[in-house]
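Chemist: could you look at this predicted model? Sequence included:
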Amino acid sequence: MISHPLSLAVAAMDAVGLLMILSAAATAVQVVLFWSPASTAAGQIRLEVKTESAFMLVPWAAGIYVMASLMLIGLVTNVLPHMVPGAMCGTGVMQATGGSGIRAMGFRLLVVVLLFFWVVLERLNHDRPDVPITALNARLLLISVPIIAIAALDTFRMFRDLDVQTPVDCCAAVYDLVDASGGLRAAGAIPDVWWLRGYCLLSPLLLAAGWRVWRRKNSPGSTCFFLMAGLAPAWVLAAYKSLIKILAAYYYGVLHHHCPWCLFLPEHRFIGFPLFAALLVVLLEGPGAYIVARVARRFPVLGPAADQRCRTAGRRLTMALMVFGALSGVPAILWRLRYGVWMG
């Protein structure tokens, strides 16, 4: 169990955020059981006031959770490697946690997705004085509670399980996967070049959908929303694989170094933060615009606010695609111009 100040800060922020969520969830249970928007009874009025106050805690809790997650990434990539023997980056730290670190990161990502959708829908809800989707948001919050609790618990387990005594092989484990012919592809695996082709194919399609949603008014049933929702996760996967397997080599200056954690190191100018932030924006805003459009179809009174939020999603998705494309592709282009060949 490590007791670094940053790890204690992350654990404390997780605890505070979880307590705020639990407080709001207690009111959400009452909303699910007793919410009656058409009623003018005193009990309903009190519940409405209580709900508004309780749900104000959730965006603050989400902000605290995101800050804690950023601190955790900084801790894993730039602090803990100095405490784990043989670790050069987050890969070694993840090895030293015995698997609990990967689990914690996965659940934290899921929490970010759920809280993002909740905040988007709640802001949409408060655009109307009759708050028509309060019950829907209450159910979504209750679904999120156990996942938030698991993420906080797994983060604690990650700190508890971290072994700072046994040496790890860190990125050497990545190089060990390279066979005698210099290839990394196992039997049946997708060749690296196909990930890059998928990324190059999906990028203009998703960019066109995002641009259209941003610059034009679309009905909730527009094909662009389906494209954004369907293509965004596929694009994120293809972009991530292309970055790690091919494009990151132009930052590292070496081949077969398929390590995402090294991109967060100072020697690579912390480029991993904006790169992965762009991936996260696409992952959130693509399905987010579709969810907002679907809600607007069910609750037409939210139409104007939903249209504005969808346009915002289109703008953010478009900008994130351009940022990721520039940051991941420019080093490769500069290498080509300088040496006349691609790496590989």
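Modeler: Noted; the coordinates are in hand.
Chemist: pull the contacting residues for the residue most central in space within the chain.
Modeler: Centroid-nearest residue in the chain: L280, 4.2 Å away (criterion: CA atoms, centre = their mean). Counting by CB atoms under 8 Å, 6 or more residues apart in numbering, L280 touches V112. From N, CA and C alone the C-beta is placed, and that goes for glycine too.
Chemist: check the one 3 residues further on too.
Modeler: By CB under 8 Å, 6+ apart, the contact set of L283 is V113, A232, P233, V236.
Chemist: list buried residues within the residues you listed.
Modeler: Neighbour counting over the contacts of L283 (16 or more other CB atoms under 10 Å) leaves V113, A232, V236 as the buried ones.
Chemist: what is the nearest of those to R309?
Modeler: Checking these against R309 by CB to CB gives A232 as the nearest, at 15.9 Å.
Chemist: show the subsequent helix or strand relative to the least confident helix or strand in the chain by mean pLDDT.
Modeler: The weakest-scoring helix or strand in the chain, judged by mean pLDDT, DSSP states H and E, is helix 172-175 (a mean of 52). Toward the C-terminus, helix 172-175 is succeeded by helix 192-215 as the next helix or strand (DSSP states H and E).
Chemist: what comes up buried for that next one?
Modeler: Neighbour-count burial for helix 192-215 flags 192, 195-196, 198-199, 202-203, 206-207, 209-214 (criterion: 16+ other CB under 10 Å).
Chemist: again with stretch 67-83
Modeler: In stretch 67-83, counting by 16+ other CB under 10 Å, buried: 68-69, 71-81.
Chemist: picking that back up, just put the buried ones among the contacts of L283 in JSON lines and tack on secondary structure, distance to P167 and pLDDT.
Modeler: JSON lines is the format used below for the buried ones among the contacts of L283 (DSSP: H, G, I helix; E, B strand; the rest coil; distance: CB to CB, whole Å; pLDDT from 0 to 100):
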{"residue": "V113", "secondary structure": "helix", "distance to P167": "35", "pLDDT": "96"}
{"residue": "A232", "secondary structure": "helix", "distance to P167": "40", "pLDDT": "97"}
{"residue": "V236", "secondary structure": "helix", "distance to P167": "34", "pLDDT": "98"}
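Chemist: of those residues, which is the nearest to S7?
Modeler: Using CB to CB, the buried ones among the contacts of L283 come closest to S7 at V113, 24.1 Å.
Chemist: the closest one is in contact with L284, isn't it?
Modeler: Yes - counting by CB atoms under 8 Å, V113 sits close enough to L284 to count as a contact (6.5 Å).
Chemist: now, the buried residues of stretch 67-83 that are in helices?
Modeler: Judged by DSSP state H, the subset of those located in helices is A68, S69, M71, L72, I73, G74, L75, V76, T77, N78.
Chemist: can you put those residues in a markdown table and add distance to F299 and pLDDT?
Modeler: A markdown table is the format used below for those (distance: CB to CB, whole Å; pLDDT from 0 to 100):
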| residue | distance to F299 | pLDDT |
| --- | --- | --- |
| A68 | 33 | 97 |
| S69 | 32 | 97 |
| M71 | 37 | 96 |
| L72 | 37 | 96 |
| I73 | 37 | 96 |
| G74 | 40 | 95 |
| L75 | 42 | 95 |
| V76 | 41 | 95 |
| T77 | 43 | 94 |
| N78 | 45 | 93 |
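Chemist: with respect to V301, which of the residues you listed is nearest?
Modeler: Using CB to CB, S69 comes nearest to V301 of those, at 34.7 Å.
Chemist: tell me how many other residues surround the residue nearest to the closest one when sequence neighbours are not counted.
Modeler: Sequence neighbours aside, R108 is the residue nearest to S69 in space, at 5.3 Å (criterion: CB to CB, 6 or more residues apart in numbering). Residue neighbour count, defined by other CB atoms under 10 Å, stands at 24 for R108.
Chemist: again, but for F34
Modeler: 11.
Chemist: check contacts around it.
Modeler: Applying CB under 8 Å, 6+ apart to F34 gives the contacts G43, Q44, L47.
Chemist: do the same with L284
Modeler: L284 sits in contact with V112, V113, F116, F117, where contact means CB under 8 Å, 6+ apart.
Chemist: same check, this time on V111
Modeler: Listed by CB under 8 Å, 6+ apart, the contact partners of V111 are Y65, S144, I147, I148, A151.
Chemist: mind listing what's buried along whatever helix or strand it lives in?
Modeler: If you go by DSSP H and E, V111 is part of helix 100-125. For helix 100-125, burial by neighbour count (16+ other CB under 10 Å) applies to 100-101, 103-105, 107-108, 111-122, 124-125.
Chemist: and stretch 331-344, by the same measure?
Modeler: Under the neighbour-count criterion of 16+ other CB under 10 Å, stretch 331-344 has P331, A332, W335 buried.
Chemist: which non-adjacent residue is nearest the second one?
Modeler: Nearest residue to A332, sequence neighbours excluded (CB to CB, 6+ apart): Y250, at 4.7 Å.
Chemist: how much space between that neighbour and F276?
Modeler: Distance of Y250 to F276, given as CB to CB, to the nearest Å: 17 Å.
Chemist: again with G106
Modeler: G106 is 14 Å from F276, by CB to CB.
Chemist: touching, L140 and W118? I think so.
Modeler: Yes - applying CB under 8 Å, one finds L140 in contact with W118, separated by 5.3 Å.
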